[in-house]
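Visitor: After the sequence you'll find the predicted model.
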Amino acid sequence: MKSLWNNDDAARYRNDLALRVYTSRLLGQESALVLHGGGNTSVKANTTNLFGETEALLYVKGSGWDLATIEAAGFAPVKLDVLKKMAHLNQLSDAEMVRVQRSAMTNPSAPNPSVEAILHAIIPFKFVDHTHADAVVTITNTENAEARIRAIYGDRVLIVPYVMPGFVLAKKIYELTQEIDWTNLEGMILMNHGVFSFADDAKSSYERMIQLVTAAENYLADQGATLVLPTRVTVKENLLTLARIRKSVSDIKGAAMIAKLDSNRESVSFSNRPDVATIATRGPLTPDHVIRTKPIPVILGENPDEDIAHYVQAYSEYFERHTNSQLTRLNPAPCWAVWPTSGAISFGRSVKEAHIIEDIKEHTIHAIQVAELLGGWKTLPESDLFEVEYWELEQAKLGKKGTALPLQGKIALVTGAASGIGRACVEALQAQGAAVVALDMNKAITRLFDTPDILAIECDLTFEDDIQHLVESGIRHFGGLDILISNAGMFPPSETIANMNPKTWKQSLTLNLTSHQQVLQACIPYLEMGIDPAVIIMASKNVPAPGPGASAYSVAKAGLTQLARVAALELGTYGIRVNVLHPNAVFDTAIWTPEVLENRAKHYGMTVAEYKTNNILKTEITSKDVAALACAMAGPAFAKTTGAQVPIDGGNERVI
């Protein structure tokens, strides 16, 4: 592992806390050291308080901060003498530890100190770094692990048998170090847990960490424990089954889930191992991961629904084996799955959560296979994993997630998504927690949305052969489909029936009607496995109140409305709701340029403002207004409504 220290960069950080931020970020950007909030760092510094007195403080990473992006505000300032006194206590509950640590903070607005704050305090060096380095933890998860660690490091490190993190760990290390000379140590190896390095300057502490991890990496290479993947793997893809798997997990979770399918070479190769059901279910890479991934994944076979049901039963039995009357069982749904011949699936209430679990999964399956080459993957006993999973301090982190967004975990597909109503729908869905597949023929679609929650695809829905592929791309990316907002369309030039250009007629019917039918047809099998599935069809005021010169548009939209009515009748059996919106006079779209608006207003003898509000309610209708109603139709407010046609036009006399 290479050091990322740069003297020029470091020179810009002019105090100890700033250097602590710098080297923490160096550690955090290396995923083989820490993942998603893992690890912690600290620095000891003297400050002058309000009374002019000198105080020794420990600035330690605060709970909820990630080393990769941490700032000075992410370090909790805690009185060093209080933390050291806590290490002398014979026992201390988790709740009391948190209370005392917070009471010793000099900034009440700072985050809660790391649960390892006491341990950082008793290490007699200014800078302390702690990571969950893959190479080191992999070695500690093998047979004869302690002997291997001793062979690598000799007396350069203190080897600490696994104990529960927090006060118990700090107390254990306090006892182990009463008779040792810290200056002879470069770090500590916590069995099954991670690595500590320390020094009186930021560079030395950071580079000691790199050196300790590099020694473990070199040992693995020397032992021939280097994973060689097949040059090619054959992926067996069944997207309908993926959607069914997501449905099963969502039902158990009681909420819609993202199901991130990973079919890269390593995941597929791992899933194809004949011993995968044995080695994948021995436990996680480090107990810290259990809070996100549970102790083990579900192994899927020919009948995923049964496999998931068996997993739930087994998790309940695991809970009963270790519980007491004071604990409440967590939701038993699996957090990730091994799917032979297809790879692995990571489940999350959001795309972000699914990506976090996917990252942990990737590091875990790599470590498992390396450990197998080294003599066998051997993790902590089940009871230790349970203790961390149900540790009140870890559970407190989960309790801070807050209220779910209205469409959290839902997966939507929006056509005509690059502008106007379609773009507003994408943004509204994403704001309400949904993951969105956004389709449009405008090339700009690929540059509009810079977020992992939105998969933007340039396409032309008039090419029938592409539609199935486009829908499948969304399923492959997010795992299923719950919401279809069928919005793509065009407003053809005004032509009377007598003077109709056949090309105008054909283009309008192809895009404004036929493409909607084809998209709906491709989506139906996945909507049948959706979570409270809903289809929203964007029609037009021209359906109930057509005007002269717009037959190509009005007929297509009338046919689209009739399609929706029939779809409501046919799909209700599967719990799929189909409703129609009839927008009118939505002027913040591409076709309504300032010139067009001015000319239309002048034609009716109105100002532009009067023209925009020319309805019964005297209000302007925007794309966001339409999107808000579309999201409502996709949500619980319309859970028992199907086949409805709802105008959004401010009140139109001809429609009423």
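Guide: Looks like it arrived, so ask away.

Visitor: now the strands for the stretch 401-550 of the chain?
Guide: 411-415, 435-440, 454-458, 483-486, 534-538 (DSSP state E, counting those that start in this stretch).

Visitor: what about the stretch 151-300 of the chain, any weak spots by pLDDT?
Guide: Residue ranges of the stretch 151-300 of the chain with pLDDT under 70: none are present.

Visitor: Output the strands of the stretch 401-550 of the chain as TSV; include the columns mean neighbour count.
Guide: The C-beta positions use only the backbone N, C-alpha and C, and glycine is treated the same way. Conversion of the strands of the stretch 401-550 of the chain to TSV gives the following (neighbours: other C-beta atoms under 10 Å):
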stretch	mean neighbour count
strand 411-415	30
strand 435-440	28
strand 454-458	19
strand 483-486	29
strand 534-538	27
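
Visitor: Using CSV, lay out those strands together with distance to Glu427 and mean pLDDT.
Guide: Shown next, in CSV, are the strands of the stretch 401-550 of the chain (distance: least, C-beta to C-beta, whole Å; pLDDT from 0 to 100):
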stretch, distance to Glu427, mean pLDDT
strand 411-415, 10, 98
strand 435-440, 9, 98
strand 454-458, 9, 97
strand 483-486, 12, 98
strand 534-538, 15, 98
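
Visitor: Figure out which of the ones you listed is closest to Pro111.
Guide: strand 435-440 (29.0 Å; C-beta to C-beta).

Visitor: Quick one: distance of that closest one to the chain centre.
Guide: From the chain centre to the centre of strand 435-440 is a distance of 17 Å (C-alpha atoms, centre = their mean, to the nearest Å).

Visitor: tilt between that strand and strand 411-415?
Guide: Put simply, strand 435-440 runs at 10 degrees to strand 411-415, going by axes from the mean of the first three to the mean of the last three C-alpha atoms, to 10 degrees.

Visitor: Tell me the spacing between the nearest residue to Cys523 once chain neighbours are set aside and Ile245.
Guide: Once flanking residues are discounted, Cys523 sits nearest to Leu484: 5.1 Å by C-beta to C-beta, 6 or more residues apart in numbering. Per C-beta to C-beta, to the nearest Å, Leu484 is found 21 Å from Ile245.

Visitor: pLDDT wise, what is the nearest residue to Ile497 once chain neighbours are set aside at?
Guide: Using C-beta to C-beta, 6+ apart and skipping the chain neighbours, the partner closest in space to Ile497 is Ser551 (5.3 Å). On pLDDT, Ser551 comes in at 96.

Visitor: Give me the neighbour count for Ser551.
Guide: Look at Ser551: counted by other C-beta atoms under 10 Å, it has 21 neighbours.

Visitor: quick one, phi/psi of it?
Guide: Summarising the backbone geometry of Ser551 under the convention degrees, to the nearest 10, its torsions are phi -60, psi -40.

Visitor: one step back: ok, the residue nearest to Cys523 - contacts?
Guide: Leu484 is in contact with Ala412, Leu413, Val519, Leu520, Cys523, Leu527, Ala534, Val535, Ile536, counting by C-beta atoms under 8 Å, 6 or more residues apart in numbering.

Visitor: Now distance to Leu330 too, for those residues, in TSV please.
Guide: As requested, the contacts of Leu484 are exported to TSV (distance: C-beta to C-beta, whole Å):
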residue	distance to Leu330
Ala412	28
Leu413	32
Val519	39
Leu520	38
Cys523	34
Leu527	30
Ala534	30
Val535	34
Ile536	35
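
Visitor: Looking at these, spot the one nearest Gly480.
Guide: Leu527 (9.0 Å).

Visitor: for the closest one, what are its contacts?
Guide: Contacts of Leu527 by C-beta under 8 Å, 6+ apart are Leu481, Asp482, Leu484, Pro533, Val535, Leu571, Tyr574, Ile576.

Visitor: and the helix or strand harbouring His120, what's its mean pLDDT?
Guide: Using DSSP states H and E, His120 maps to helix 117-122. For helix 117-122, mean pLDDT rounds to 97.

Visitor: can you dump the C-alpha coordinates of that helix into CSV?
Guide: The C-alpha trace of helix 117-122 is given here as CSV (Å, rounded to 0.1, in the frame of the first residue of the first chain):
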residue,chain,number,x,y,z
ALA,A,117,-12.4,7.7,22.7
ILE,A,118,-11.1,6.2,26.0
LEU,A,119,-8.7,3.9,24.1
HIS,A,120,-7.4,6.8,22.1
ALA,A,121,-6.9,8.8,25.3
ILE,A,122,-4.8,6.2,27.0
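
Visitor: elements contacting the helix or strand following it?
Guide: Next in sequence after helix 117-122, counting helices and strands by DSSP H and E, comes strand 127-131. On a contact count with 3 or more C-beta pairs under 8 Å, 6 or more residues apart in numbering; DSSP states H and E, strand 127-131 meets helix 16-28, strand 40-48, strand 194-199, helix 202-222.

Visitor: on contacts alone, who are the packing partners of the shortest one?
Guide: Read that as strand 194-199. strand 127-131, helix 134-140, strand 187-190, helix 202-222.

Visitor: got TSV for the ones you listed, with mean neighbour count and distance to Asp307 too?
Guide: Shown next, in TSV, are those (neighbours: other C-beta atoms under 10 Å; distance: least, C-beta to C-beta, whole Å):
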stretch	mean neighbour count	distance to Asp307
strand 127-131	28	35
helix 134-140	27	28
strand 187-190	25	35
helix 202-222	20	33
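
Visitor: Determine the number of other residues adjacent to Gly375.
Guide: With other C-beta under 10 Å as criterion, Gly375 counts 14.

Visitor: try Ile475
Guide: Ile475: 24 neighbours (other C-beta under 10 Å).

Visitor: Check the offset of the helix holding His120 from the chain's centre.
Guide: 32 Å.

Visitor: Can you list the buried residues in it?
Guide: Ala117, Ile118, Leu119, His120, Ala121, Ile122 (16 or more other C-beta atoms under 10 Å).

Visitor: Identify the residues contacting the first one.
Guide: Taking C-beta under 8 Å, 6+ apart as the contact definition, Ala117 lies against Ser42, Leu58, Val60, Ala76, Val78, Leu83, Gln101.

Visitor: rerun at 6 Å
Guide: Ala117 makes contact with Val60, Val78, Leu83, Gln101, according to C-beta atoms under 6 Å, 6 or more residues apart in numbering.

Visitor: repeat for the fifth one
Guide: Listed by C-beta under 6 Å, 6+ apart, the contact partners of Ala121 are Leu58, Leu80, Leu83, Lys84.

Visitor: Just the terminal-to-terminal distance for stretch 600-619.
Guide: In stretch 600-619, first residue to last residue: 17 Å (C-alpha to C-alpha, to the nearest Å).
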